[in-house]
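[1] This is a predicted model, with the sequence first.
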Amino acid sequence: MITRQAAAASLALAFISLSLAGQRCASPDTTADWFRRQRAWLSDAKHDWSDDALRSALVSAAAVDVDRLLSAQIGAEREGEIPLADTAILARLRTLAGTRGSTWPTRGAVGAAGVRAVWLLAQHDTALQRTVLHRMMESGPDEALAADVAVLEDRVRLQSARKQLYGSQLRVVGGKLVPAPIEDSSHVDMRRDAAGLPPLREALRTVQCAER
Amino acid sequence: MDAPAGPNILSFHAAIVMRHLVACLLIGPFAAALAQQPIRVDLSHEKVNTEPTKFLPMVGSWVVTSEAGRNVVLVDGRAWKKGQPAGGLADNARTIYGARHEEFIDNVKAFAYFPIAVARDVENFENGEISVRFQMIGGTLDRCAGIMFDLKPNGDYLAMRFNGTEDNLVLWTFNNGKRSFVKRGSENIPLELGTWHEIKITVHGRQLEGFLDGKQLLDDTLKAPVSGKVGLWSKTDSMSEFADFIVTPSAR
């Protein structure tokens, strides 16, 4: 079980309403276009994936609860190391990633939950993350959730000592969660919109509120 | 016995060389001036937040936007969807190819992953130089900007593009609905988003060179001389801005 990862994911993906010190925290706007697009993408209601065995292995290893709707990606999470979890499925992913022409677990193969599981598992291996990012970008918007791709790219860029693009990686500065440096910050919300993420300010508000 | 011919022949050749040299010195600058009148695509009179009229969108969503007080063209990949050409494809194809537009449309639809916009006022480009400034803004799958050239009435074309997710300059051909890799630039150069850069190509017969920010990164011998329309190129969901599209034709 990946407890710290699950905690980080639940922070990033949480949709909560909190009442703190008399102030009600706003939930993300579930009527917004980005939310509805993600919801549609994340639904596995059609059961139209092709590799059920791989899907089961992935969701089990990543502790994805397939009986619940997958959480939408808000694109704001606390930056940090995730401890290495060397499981059999990670080894399998590494093999898949390293095999040219191999069938990658896309939405058509393992469903939305399976793809989300790959995304979660990739956090445990820096080298794998790069390949997963590349594969997700290659597979296109029908097969990989653009919002997850965006967050993964931010992680990879920060690991390479580059600035992030979507402002999804947050760090504590002066006791406050703020985005790590952003490249071309003036267009950040345009990029977030393209990736199906809410505006940065809105995402920050949600996470900062959840942290209190 | 005839006098030795050598010196006379040399003098004769020297005279011809001198004559050519003088002709080049006198006529050359005038010829060059005539051949090298740059065509600069002027966006200053374009309406902001509307489709450009100087670049005819064939695939993708193209819009004039204002950047630091001047008009630029934005290809907005947020509206990109697989297999969807630009809304005005039929009309724009008719504008540039008249009665032959249907074949063009069929072929362009096969390349719907690649937004293109044709420079309306450049009738035909064969030799010379094309340059454009660009800045990448975003794109989750791709961050590309490029020059399309050699665009044929059947929709085939060549593209020299920079890809910000790969950090490279690459020449591609697009023929009969199939994209093929031709050549990659000699080095990868990471560019920051939100900063302006320049792509340039030079064409002399079948000889092609590609430049990024003035640095030559690519040269290739094309299969055939270039002849066709030119314009802007992008890929899937890229969001990039373009400015200062300049075509400088020259004699071969």
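    It's in.
[2] From now on I want contacts and neighbour counts done on CA atoms only, so please keep to that.
    Fine.
[3] show me what contacts residue B:209?
    B:201-203, B:216-220 (CA atoms under 8 Å, 6 or more residues apart in numbering or on different chains).
[4] now do 7 Å
    B:201-203, B:216, B:218-220 (CA atoms under 7 Å, 6 or more residues apart in numbering or on different chains).
[5] Distance of it relative to chain A?
    Distance of residue B:209 to chain A, given as CA to the nearest CA, to the nearest Å: 28 Å.
[6] try residue B:113
    Distance of residue B:113 to chain A, computed by CA to the nearest CA: 11 Å.
[7] pLDDT at that residue, what is it?
    Looking at residue B:113, its pLDDT is 85.
[8] in the stretch 151-252 of chain B, what residue is nearest chain A?
    Closest to chain A within the stretch 151-252 of chain B is residue B:194: 5.0 Å, counting by CA to the nearest CA.
[9] How about the residues of the stretch 101-250 of chain B by chain A?
    Residues of the stretch 101-250 of chain B that fall close to chain A, judged by CA under 7 Å from any CA of the partner chain: B:137-141, B:193-194.
[10] Let's see which of those end up in strands.
    Using DSSP state E, the subset of these located in strands is B:137-138.
[11] Which of the residues of the stretch 101-250 of chain B next to chain A ranks first by neighbour count?
    Within those, most neighbours by other CA atoms under 10 Å in any protein chain shown means residue B:140, with 31 neighbours.
[12] Point to the helix or strand of chain A where mean pLDDT is at its lowest.
    strand A:19-20 (a mean of 34; mean pLDDT, DSSP states H and E).
[13] Residue A:207: what's it in contact with?
    Residue A:207 sits in contact with residue A:76, where contact means CA under 7 Å, 6+ apart.
[14] could you give the mean pLDDT of the host helix or strand of it?
    In this structure, residue A:207 sits in helix A:200-211 according to DSSP states H and E. On average, the pLDDT along helix A:200-211 is 85.
[15] Check stretch B:161-168 too.
    On average, stretch B:161-168 scores 95.
[16] Other residues contacting that stretch?
    By CA under 7 Å, 6+ apart, the residues outside stretch B:161-168 that reach it are B:142-147, B:169-171, B:185, B:188-191.
[17] Ok, stretch B:102-120 next?
    Under CA under 7 Å, 6+ apart, the answer for stretch B:102-120 is B:54-60, B:82-85, B:90, B:93, B:153-155, B:176-177, B:230-236.
[18] so where's chain A shaky on pLDDT?
    Along chain A, segments meeting pLDDT under 70 span A:1-26, A:81-86, A:212.
[19] Around chain B, which positions in it sit nearby?
    Checking chain A against chain B by CA under 7 Å from any CA, the hits are A:137, A:140, A:146, A:149-150, A:183-184, A:187, A:191, A:194-195.
[20] 8 Å - rerun?
    A:137-138, A:140-141, A:146, A:149-150, A:183-184, A:187, A:190-191, A:193-195 (CA under 8 Å from any CA of the partner chain).
[21] Just the buried subset of those, please.
    A:137, A:140-141, A:146, A:149-150, A:183-184, A:187, A:190-191, A:193-195 (16 or more other CA atoms under 10 Å in any protein chain shown).
[22] where along the chain do the helices fall?
    Since no chain was named, I'll use chain A. A:3-13, A:33-42, A:52-61, A:88-98, A:107-121, A:126-139, A:146-159, A:188-194, A:200-211 (DSSP state H).
[23] my question was about chain B
    B:6-35, B:89-97, B:101-110.
[24] Lowest mean pLDDT across the ones you listed, which one is that?
    Looking at these, the weakest mean confidence is helix B:6-35, a mean of 51.
[25] Quick check: the gap between the nearest residue to residue B:205 once chain neighbours are set aside and residue A:141.
    Leaving aside its sequence neighbours, residue B:205 sits nearest to residue B:225 (CA to CA, 6 or more residues apart in numbering or on different chains; 5.1 Å). Between residue B:225 and residue A:141 the computed distance is 37 Å (CA to CA, to the nearest Å).
[26] Residue B:249 now?
    From residue B:249 over to residue A:141 (counting by CA to CA), the distance is 40 Å.
[27] With residue B:210 instead?
    31 Å.
[28] likewise residue B:209?
    Distance from residue B:209 to residue A:141, by CA to CA: 34 Å.
[29] same question, residue A:151
    In terms of CA to CA, residue A:151 sits 14 Å off from residue A:141.
[30] Kindly report the same for residue A:93.
    Distance from residue A:93 to residue A:141, by CA to CA: 21 Å.
[31] same deal with residue B:129?
    Distance from residue B:129 to residue A:141, by CA to CA: 36 Å.
[32] Could I get the contacting residues of residue 194?
    Unless you meant another one, I'm taking chain A. B:77-78, B:138-140, B:237.
[33] that's the wrong chain, I wanted chain B
    With CA under 8 Å, 6+ apart, residue B:194 has these contacts: A:183-184, A:187, B:135-137.
[34] thinking again about what came up before, tell me which of the contacts of residue B:209 fall in strands.
    Using DSSP E, the members of these that fall in strands are B:201-203, B:216, B:218-220.
[35] Where does the prediction get shaky in chain B?
    Ranges of chain B meeting pLDDT under 70: B:1-36, B:81-84, B:252.
[36] Good, wrapping up.
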